[in-house]
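A.B. asks: I'd like to go over a predicted model; first the sequence, then the structure.
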Amino acid sequence: MILGIIPARYASTRFPGKPLIDIQGKSMIQRVYEAAKASALLSDVVVATDDIRIREHVEAFGGKAVMTREDHPSGTDRCQEALLRWQEAHPGETAQYVVNIQGDEPFLDPAQIDELAAALDGTVELATQMIQVHTAEALHDPGEAKIVLNAAREVLLFSRQAIPYLRNVAPEEWHLHHVYYRHVGMYAYRTDILEAITRLAPSSLEKAESLEQLRWLEAGYSIKVVETQYDSHCIDTEEDVEKVLKLLQK
């Protein structure tokens, strides 16, 4: 079975209480939860939070939530604790995979979850999604992690830089001469791998690029990538709410 986990912290430097904000009559966390529940391939969905207000809100609209520690350094670590809490509440049931669903994407399409979940065949250790880069702006934006693949559509490298470097081509035209991809979407972890990667110490590449997934690559784990046509629409600030709503209305 595949368990969907939605990490949801209350404290946020840029937007405290973000999961509980109202977006067209529903909270952001309710919108994400309902999208996850509409997935055809997830067996169960649970919100992993560190705040009683979020847990009570989720339970009030009929969702499932578990309390986790406040001091987790990443959503991956929070997913591991949430998995343990879920297993305690469901004795005799075993999840083979966990899908980490971002709690700040209220307009997530359930089909995007299913695209990723369909790749989880038991041999896949870790998986995520990518979308093709079509503009020089996105390609050279250090806020976007680019992905270099091998022939099996597994990750060779994540980088904030555009790789490969194209000799004798102007950087603003690189995307016209080579197919580049950037990282979007969710992570999926086989549960034995999830336990293992949360025990790893931060790696040198991870520290250099500030990308958690580089720790897994350096440790020798493989990451399968699924191409998607669904872009991410994250809400990080109050201003992002209106931006995303306008974008979706186009």
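C.D. replies: Sure thing, it's come through. Residues are numbered from 1 along each chain as shown.
A.B. asks: any idea which helix or strand comes after the one helix or strand F158 maps to?
C.D. replies: Under the criterion of DSSP states H and E, F158 resides in strand 155-159. The C-terminal neighbour of strand 155-159 among helices and strands, as given by DSSP H and E, is helix 174-177.
A.B. asks: how about that following helix: buried residues?
C.D. replies: By neighbour count on 16 or more other CB atoms under 10 Å, the buried set for helix 174-177 is W174, H175. C-betas here are computed from N, CA, C, even on glycine.
A.B. asks: Also stretch 36-55?
C.D. replies: By 16+ other CB under 10 Å, the buried positions in stretch 36-55 come out as 36, 39, 41-42, 44-51, 54-55.
A.B. asks: Against which helices or strands is the strand holding F158 packed?
C.D. replies: strand 146-149, helix 213-218 (3 or more CB pairs under 8 Å, 6 or more residues apart in numbering; DSSP states H and E).
A.B. asks: Each with direction, which strands does the shortest one pair with?
C.D. replies: Meaning strand 146-149. Strand 146-149 pairs in its sheet with strand 155-159 (antiparallel), strand 181-190 (antiparallel), by DSSP bridges.
A.B. asks: still on that earlier bit, P16 is nearest to which of the helices and strands packed on strand 155-159?
C.D. replies: Nearest to P16 among the helices and strands packed on strand 155-159 is helix 213-218 (26.7 Å), distances taken as CB to CB.
A.B. asks: tell me the average confidence for that closest one?
C.D. replies: Helix 213-218 comes out with an average pLDDT of 96.
A.B. asks: could you check the angle strand 155-159 makes with the helix or strand just after it?
C.D. replies: Next in sequence after helix 213-218, counting helices and strands by DSSP H and E, comes strand 223-227. On the basis of axes from the mean of the first three to the mean of the last three CA atoms, to 10 degrees, strand 223-227 is oriented at 80 degrees to strand 155-159.
A.B. asks: Any figure for the gap between the spatially most central residue of the chain and I6?
C.D. replies: Geometric centre of the chain, nearest residue: M186, 2.9 Å, by CA atoms, centre = their mean. Here the distance between M186 and I6 works out to 10 Å (CB to CB, to the nearest Å).
A.B. asks: Can you work out which residues contact both of those two?
C.D. replies: Here M186 and I6 have I101, Q102 as joint contacts, going by CB atoms under 8 Å, 6 or more residues apart in numbering.
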